[in-house]
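The following block contains a protein sequence and its predicted model.
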Amino acid sequence: MKTIKIFLIFTALVFGACAKQKPETTDSADDVTTIAVQPIKIGELMPYTVFPEHIDDYRRGWRLAVEEINAKGGVLGRPLEVIARDEQCDPGVAIRVAQELLDRDNVFMWLGAGCTASAITDLSKRLRVPFISSWTGYDSLVWENQHPYHFGFGAPVRVLAEIYADLAAQQPHTRWATVGPNAQYGYDMVGAFVNALKERRPDIEIVEQQWPSLSNVAAAETIQALANKEPEALYLMVYGADLAKLLRQGRARGFFENKFVIGDQTGLEFILNTLGSETPVGWHACGYPTDLDETHPGGRFAARFNKRFGLLPDRTAAEAYTAIYFTKAAIEKAGRVDREAFITTLPGMSLDTPFGNLHVREKDLQVEIACWFGKTNVKDGKGVFVDYEWVDAEQYFPSDEEIAAMRG
């Protein structure tokens, strides 16, 4: 099992007292003893082997945050250490490694859990261990099954679905098809989009839905199944190499011509890098702009990230970076490394982040975060994210009455 540790050892220099008493282990009052300060450990679980390109950037985000924090003295005088484990998009594996992180590594909390957040949040509730779900925002976690130990730092499914549906409903097309991964997040996200779209446009017909396996899309069969139903518009939730395969098959058959396409997260840097000159032009997508100037906190973050790694960040890197800094702020506000104190100090906190100022809502422990929404394009043979704007999340969050109804 792959284990990655980012750990900066602090040392304390202990000198002789004013009376210059001799230390027990030395013969001189001028000798120095080095004492290692115990780190504050965070257990991180992500699908490293399932989405390597995607998760590598996420990992760089928390690495940068940890390095910056430790270089400035750590948290309450102690260094942060992140111990990363591969959850393989398998709930059973996730529970096992989360328990190992707790029992063997003595972590203070858990972070991440891309595909397996539902399993980890149940464990978090049972064991009373804080868990920041920093990558996915299942509605069931955020609202239906929320508890005091779970904090949502990814954009909620409902929020993203409502953003996409607002745009889709403005189009004249009535025949839609969807493609999403055969996984919980795929079913949740596609289902939320379809429901939100039909609420706005009851005349919409979903003519086809495809559910390819994660990282193993049967591109030719998928494109043929879609083409058979002659959709006018598409909602695609396919990433990386799978998306590249679909694009090649679709272009070979002229399938994407004259179709309106929402490409979910296609505006993310790692996807644009994967597609390169094959990036579709004019697809609508959430993404992370890498050309913000340094008057914006996202531009300053991108500059630091690029200086450290020689790369530009995507949204996942910014989310991981943000989660680490909120963790730091909550521990410092509590004044001690204590789980019960942590879960009472984090709600209601606001912090300047690469996305701007973000707030942890007290009513559902969810950060008010949405996305930059824009279009994909090609420039100098590379995929780029253009014509973007930041979407205010607050307008898309459910009302107090809706939250109460979801919780039963």
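Alright, I've got the coordinates.

Which helix or strand contains Asp387?
If you go by DSSP states H and E, Asp387 is part of strand 382-390.

do the same with Ile271
Assigned by DSSP H and E, Ile271 belongs to helix 269-275.

Quick check: what element follows that helix along the chain?
strand 284-287.

Contacts made by that following strand with the rest, please.
Contacts to strand 284-287, defined as Cβ atoms under 8 Å, 6 or more residues apart in numbering, come from residues 155, 160, 163-164, 167, 260-269, 272, 314-315, 371-376, 385, 388. All C-beta spots, glycine's among them, are computed from the backbone N, C-alpha and C.

coming back round to it: centre of the chain versus the helix holding Ile271, how much separation?
When distances are taken as Cα atoms, centre = their mean, to the nearest Å, helix 269-275 is centred 16 Å away from the chain's centroid.

Then stretch 242-249?
Taking Cα atoms, centre = their mean, one finds the center of stretch 242-249 at 24 Å from the center of the full chain.

contact partners of that stretch?
Applying Cβ under 8 Å, 6+ apart, the contact partners of stretch 242-249 are 179, 212, 215-217, 219-220, 222-223, 236, 238, 255-256, 263, 266, 271, 274-275, 278, 280.

Just those residues: which are in helices?
Residues of those located in helices (DSSP state H): Ala219, Ala220, Thr222, Ile223, Ile271, Thr274, Leu275.

Okay, and the residue nearest the centre of the chain sits in which element?
Closest residue to the average C-alpha location of the chain: Trp135 at 2.6 Å, with Cα atoms, centre = their mean. Trp135 belongs to no helix or strand when elements are defined using DSSP H and E.

tell me the mean pLDDT over whichever strand or helix holds Ala404?
For Ala404, the element it lies in under DSSP H and E is helix 400-406. What helix 400-406 shows for mean pLDDT is 85.

by contact count, what packs against the particular helix or strand that has Leu64 in it?
Using DSSP H and E, Leu64 sits within helix 52-71. Judged by 3 or more Cβ pairs under 8 Å, 6 or more residues apart in numbering; DSSP states H and E, helix 52-71 is in contact with strand 4-7, strand 40-46, strand 80-86, helix 269-275, helix 297-309, helix 315-334.

mean confidence for it?
pLDDT averaged over helix 52-71 gives 93.

list the buried ones in it?
54-66, 68-70 (16 or more other Cβ atoms under 10 Å).

Please work out the angle formed by the directions of it and strand 40-46.
Put simply, helix 52-71 runs at 170 degrees to strand 40-46, going by axes from the mean of the first three to the mean of the last three Cα atoms, to 10 degrees.

circling back: nearest approach to Trp143 belongs to which of the helices and strands packed on helix 52-71?
Trp143 sits nearest to helix 315-334 of all the helices and strands packed on helix 52-71, at 19.5 Å, using Cβ to Cβ.

List the buried residues for stretch 288-301?
Across stretch 288-301, burial judged by 16+ other Cβ under 10 Å covers Tyr288, Pro289, Thr290, Leu292, Pro297, Gly298, Gly299, Phe301.

Find the pair from those with maximum spatial separation.
Across the buried residues of stretch 288-301, no pair lies farther apart than Thr290 and Pro297, at 13.9 Å, counting by Cβ to Cβ.

returning to what we had before: which among the contacts of stretch 242-249 end up buried?
Neighbour-count burial (16+ other Cβ under 10 Å) applied to those gives 179, 212, 215, 217, 219, 222-223, 236, 238, 255-256, 263, 266, 271, 274-275, 280.

would Val207 count as being in a helix?
No. Under DSSP: H, G, I helix; E, B strand; the rest coil, Val207 sits outside any helix and is assigned strand.

Just the local confidence number for it, please.
In this model, Val207 is scored at 98, pLDDT.

burial measure for it, as a count.
By the measure other Cβ atoms under 10 Å, the count of residues near Val207 is 17.

quick revisit: which among the ones in helices among the contacts of stretch 242-249 gets closest to Met349?
Nearest to Met349 among the ones in helices among the contacts of stretch 242-249, with distances taken as Cβ to Cβ, is Ile271, at 31.1 Å.

Just the pLDDT for that closest one.
Ile271 carries a pLDDT score of 88 in this model.

Pull the contacting residues for it.
Each residue near Ile271 by Cβ under 8 Å, 6+ apart is listed here: Tyr239, Gly240, Leu243, Gln265, Gly383.

Can you tell me which of the residues you listed comes closest to Gly348?
Nearest to Gly348 among the contacts of Ile271, with distances taken as Cβ to Cβ, is Gln265, at 29.0 Å.

I'd like to know how many residues surround the nearest residue to the closest one once chain neighbours are set aside.
Closest residue in space to Gln265, ignoring its immediate chain neighbours: Cys286 at 5.4 Å, by Cβ to Cβ, 6 or more residues apart in numbering. Counted with other Cβ under 10 Å, residues neighbouring Cys286 total 24.
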